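1. could you work out the structure for the sequence below:
(2 chains)
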Amino acid sequence: MPEINLSILSEQAHQLIAKQRQRYIKSMPDKREVVFYCKAQISAAVRSGEPDLCDKLFQQIHRLAGSAGSYGFEDMGRAASVVDRYLMAKSLQPDDLPELESLLQKLLDEIDKIIVNHG
Amino acid sequence: MKRVSRRAAHYIRDELLKRERFIVIALNSGHKIVSVNRSDPDWNLPGLIRGSVLPDSLVSLLDAASDASEPTVFPYVELNDFFVDIHVLGDRESADLVIHDVSTDHHNEQILQQRAHENSLLSEQRAALNSELTELNQELFLRRRQAEKASAAKSRFIASMSHEFRSPIASIMGYADLLQTELPDSNNPQALQRASWHLLTLVENLLEQAREGKENISLNPTRFSLDRLAGDIEALFRPQSTTKGLAFEVKSSPVGIEVECDELRLRQILINLVSNALRYTRQGLVSVHFIHRDDNLYIRVRDSGRGIAAGDIDRIFEAFTRVGEDTTSGAGLGLTISRQLINRMGGHLKVESEPDVGSEFRVVIPCPSTQAKPGEMPSLSGTVLWVDDDPDILSLYQVILENWGLRVITASSVAQARDLFNSNDCPLVVTDIHLMDGNGVELFSHLKVQRPDIMGIVISGSGVVDLTEEVAGEGIRTFLQKPIDAEVLYKEIAAAFAGDQPEHTF
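-> Below is the predicted model:
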């Protein structure tokens, strides 16, 4: 996990963090489900202007952007950060949907890699 | 001797006559001296004159030898202060007396006899002494065995007592730790811990004295934080100094250093020195300074107490000795034990004092600083409130911060953070900007109203927060972006607790 530089921690801490990381990996399917569901519903949400669904997506994306790199999944973290900044930068319009869906798909692909390689 | 030549015979005779003294007296039947011949003309015996009658003392010998067919020898006859062998040759009709001077032989023989006697006496005395020595050795052996048994029994007793005392004290300390986690708002568990340390020190003092200062003090070097030790000493003695109306300060330099030596023994020394300083100071100041430099720990305990006369400086280190008016408590062992421990640890202790002015005890103990092992940093001390609505972040950084020795309180919302802040002592708040129910910066501002001295670190998963100078000047030290580098986080937290001024990175 080079992103947060754990070299200064003890062996005991490394072991505890390794357990945390396993729990994080196990939670990936649930996280994926949220992102997948929101991706599937985002079009309707943006067109209908439903704030709740969008907020839930924003929350999940923001969390993934913050936590993925902390657990050593830099690629997923970058994918999530791209979506996070995209969502923060603008008020979504229907014209934004294709690009947003593309970014979300990239994020889903990264989540799938983690599930496949580490799950 | 076999037949020899006449020449050899004459030679032997002449040699004999040179070395020995003879008087040959020829007598007739009437015991009249017919002739007197002397081998040494300077040697004569009274009464031996040609023509005179033989002295009565010699006549009796003639009578005793008169029937002998062979020459008769009368050895060691005392005659006029001489010892002579008298050889009687002949019979009643005529006789020759050969008087041989054996005074020297007699004298030598007497000496030999005396020496033999003396040797015999000495032998008897030696035998008696050997016998006595054997008895003493046996007694010594028995007594040594008894002493060894007693010493072994005492050592077992001390070891047993040491364990008997330490075990319950360690148990008390352990429960105090548990109580601290169960009662995070209470200072009582820490007070219990400090009192336990004090009790342990007193017990160790008594046990050290029971060991009679032998070089069997075992040392157990461990790594520990000098700041934590200084803090414990300060907290332990602050109440007592306050009660006495004394100023009391404890300083440690440099900050954040870990050292390696026997922490228990070092605490023992410090508690003894500081206890003494407080005991003998009625007004003014007691100060304790730790300085670590060049792998040595320099300790100075200074007081404005009654001081020590020059003639008593050495006496204060004698066991059970207190100088001056004996109006104070204590067993009189603290300084004795402290000096023994300091010497055992390879250090030395100096005292400077002036009556009615005060005293200064200076200690130097070899105490290397410890380079952080790969993967470890010096432990920190303090409580951090970490606010983030992502449980994955909370759990991860809680592990990291607790590994550094920090106490971590986690909150996943603004509301929860406020509640926990109100019920805990949290000098440092780390908060994500974006929370479910609010903004981390606003949360911090709200908390700062309650406690102006709190410090803050803001974290976020994206972007740099556009903070105004006003917010930046309200105790928010820095902004960190996720994923947060652990080393950077460590340095920021360490600097916060050390009171270092932040370098704003906004």
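
2. what's the spacing between B:Ala152 and chain A?
-> Going from B:Ala152 to chain A by CB to the nearest CB, to the nearest Å gives 41 Å. The C-beta positions use only the backbone N, C-alpha and C, and glycine is treated the same way.

3. that residue: what's it in contact with?
-> B:Ala152 sits next to no residue when contact means CB atoms under 8 Å, 6 or more residues apart in numbering or on different chains.

4. all helices for chain A, in order.
-> A:11-26, A:28-48, A:51-67, A:74-89, A:97-118 (DSSP state H).

5. those: which one's closest to B:Met455?
-> Of all the helices of chain A, it is helix A:51-67 that lies closest to B:Met455, at 21.9 Å by CB to CB.

6. which neighbouring elements make contact with the host helix or strand of B:Val77?
-> Assessed by DSSP states H and E, B:Val77 sits inside strand B:72-79. With contacts taken as 3 or more CB pairs under 8 Å, 6 or more residues apart in numbering or on different chains; DSSP states H and E, strand B:72-79 sits against helix B:56-65, strand B:82-90.

7. surely B:Arg265 touches B:Met345?
-> Yes. Under the criterion of CB atoms under 8 Å, B:Arg265 makes contact with B:Met345 at 6.4 Å.

8. overlap in contacts of these two?
-> What both B:Arg265 and B:Met345 touch, as defined by CB under 8 Å, 6+ apart, is the set B:Leu219.

9. low-scoring stretches of the chain, by residue?
-> I'll assume chain A. Filtered on pLDDT under 70, chain A yields the residue ranges A:1-8, A:49-54, A:89-90, A:119.

10. please go with chain B instead
-> Applying pLDDT under 70 to chain B flags residues B:1-2, B:66-68, B:92, B:155-156, B:159-163, B:208-217, B:319-332, B:371-377, B:462-474, B:500-506.

11. state the distance from the residue in the stretch 351-500 of chain B positioned nearest to chain A to A:Lys113.
-> Among all residues of the stretch 351-500 of chain B, B:Gly461 sits closest to chain A, at 3.0 Å; criterion: CB to the nearest CB. Going from B:Gly461 to A:Lys113 by CB to CB, to the nearest Å gives 21 Å.

12. neighbour count winner among these two?
-> Neighbour totals were compared for B:Gly461 and A:Lys113, and B:Gly461 leads with 28 against 14 (other CB atoms under 10 Å in any protein chain shown).

13. A:Gln59 is in contact with that one, correct?
-> No. Between B:Gly461 and A:Gln59 there is no contact, the gap being 11.1 Å when judged by CB under 8 Å.

14. how about the residues of chain A by chain B?
-> By CB under 8 Å from any CB of the partner chain, the residues of chain A that approach chain B are A:3-14, A:16-17, A:20, A:23-24, A:27, A:59, A:62-63, A:65-71, A:77, A:81, A:84-85, A:88.

15. now the residue of the stretch 1-150 of chain B at minimum distance from chain A: phi and psi?
-> Chain A sits closest to B:Glu148 of the stretch 1-150 of chain B, with a gap of 46.3 Å, by CB to the nearest CB. The phi and psi values for B:Glu148, taken as degrees, to the nearest 10, are phi -60, psi -40.

16. A:Ser81 versus that one, what's the distance?
-> Counting by CB to CB - B:Glu148 and A:Ser81 are separated by 77 Å.

17. so between the two, which is more surrounded?
-> Between B:Glu148 and A:Ser81, counted using other CB under 10 Å, the more crowded position is A:Ser81 (23 against 10).

18. relative to A:Met88, how far out is that one?
-> A:Ser81 sits 10 Å away from A:Met88, taking CB to CB as the criterion.

19. same check, this time on B:Leu480
-> Note on B:Leu480: its distance to A:Met88, by CB to CB, is 18 Å.

20. out of those two, which sits in the busier spot?
-> For B:Leu480 versus A:Met88, neighbours defined as other CB under 10 Å are more numerous around B:Leu480 (17 against 14).

21. please determine how far the closest residue to A:Asp112 other than its chain neighbours is located from A:Gly69.
-> Excluding its sequence neighbours, the residue lying closest to A:Asp112 (CB to CB, 6 or more residues apart in numbering or on different chains) is A:Arg32, at 7.2 Å. In this structure, A:Arg32 and A:Gly69 are 18 Å apart, going by CB to CB.

22. same check on B:Ser369?
-> 34 Å.

23. ok, these two, which is more surrounded?
-> Counted by other CB under 10 Å, B:Ser369 and A:Gly69 do not tie: A:Gly69 has more neighbours, with 25 against 18.

24. surely the more buried one touches A:Asp75?
-> No. Counting by CB under 8 Å, A:Gly69 stays clear of A:Asp75, with 9.4 Å between them.

25. so what's B:Thr72 up against?
-> Residues near B:Thr72 by CB under 8 Å, 6+ apart: B:61, B:64-65, B:87-88.

26. surely B:Asp425 meets B:Leu183?
-> No. Checked against CB under 8 Å, the pair B:Asp425 and B:Leu183 is beyond contact range at 11.9 Å.

27. have a look at the two and say which one is more surrounded.
-> Between B:Asp425 and B:Leu183, B:Asp425 has the larger neighbour count (other CB under 10 Å), namely 14 against 11.

28. quick check: beta-bridge partners of the closest residue to that one other than its chain neighbours?
-> Excluding its sequence neighbours, the residue lying closest to B:Asp425 (CB to CB, 6+ apart) is B:Thr383, at 5.9 Å. B:Thr383 forms beta bridges with B:Arg407, as assigned by DSSP bridges.

29. coming back round to it: and the helices of chain A: which comes nearest B:Glu234?
-> Closest among the helices of chain A, using CB to CB: helix A:11-26, at 29.3 Å.

30. could you say what helices and strands the closest one packs with?
-> Counting by 3+ CB pairs under 8 Å, 6+ apart, helix A:11-26 packs on helix A:97-118, helix B:391-403.

31. deepest-packed of those helices, please.
-> Of all these, helix B:391-403 carries the top mean neighbour count, a mean of 21, counting by mean count of other CB atoms under 10 Å in any protein chain shown.

32. which residues of the stretch 251-400 of chain B fall in helices?
-> Using DSSP state H, counting those that start in this stretch, the helices of the stretch 251-400 of chain B run over B:263-279, B:334-344, B:391-403.

33. mind putting those helices into a markdown table with distance to chain A?
-> Shown next, in a markdown table, are these (distance: least, CB to the nearest CB, whole Å):
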| stretch | distance to chain A |
| --- | --- |
| helix B:263-279 | 19 |
| helix B:334-344 | 31 |
| helix B:391-403 | 4 |
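
34. would you turn these into TSV with distance to B:Leu97?
-> Formatted as TSV, those follow (distance: least, CB to CB, whole Å):
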stretch	distance to B:Leu97
helix B:263-279	101
helix B:334-344	92
helix B:391-403	125
